[in-house]
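> no sequence on hand, only this structure:
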């Protein structure tokens, strides 16, 4: 968890520097390191907009290094528990 928080902090700093959402930086980082097929998990249309906009966000080698330094790959935690049932689409769903 400490390593995850350090990575998230690095993403946040880069996002603030570029004045863009953190999700856009995270996706741009994946593009930069060669991830060709990302799992975006979009539940709203603006999530897709950020994913597409990430193609235009060019991260410097220094920014990539600063984010990757604390990164440690590990098994997915928590994502499966919070996903909607298979086949459910929540794009632009109304919030109650």
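Okay, I see it. Computed from a predicted model, the values in this text were never measured in an experiment.
> please count neighbours and contacts with C-alpha atoms only from this point.
Will do.
> so what's residue 29 up against?
Taking Cα atoms under 8 Å, 6 or more residues apart in numbering, we find residue 29 in contact with 59, 64.
> what about 7 Å?
By Cα atoms under 7 Å, 6 or more residues apart in numbering, residue 29 lies in contact with residue 64.
> ok, residue 54 next?
Residue 54 makes contact with 24, 25, 27, 28, according to Cα under 7 Å, 6+ apart.
> list the helices and strands the longest helix along the chain packs on?
Ordering each helix of the chain by length in residues (DSSP state H) puts helix 2-18 first. Under the contact definition 3 or more Cα pairs under 7 Å, 6 or more residues apart in numbering; DSSP states H and E, helix 2-18 sits against helix 22-33, helix 61-68.
> any chance of these in a markdown table, plus mean pLDDT and distance to residue 9?
Converted to a markdown table, the helices and strands packed on helix 2-18 look like this (pLDDT from 0 to 100; distance: least, Cα to Cα, whole Å):
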| stretch | mean pLDDT | distance to residue 9 |
| --- | --- | --- |
| helix 22-33 | 91 | 10 |
| helix 61-68 | 92 | 8 |
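> CSV for those, including distance to residue 14?
Formatted as CSV, these follow (distance: least, Cα to Cα, whole Å):
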stretch, distance to residue 14
helix 22-33, 7
helix 61-68, 7
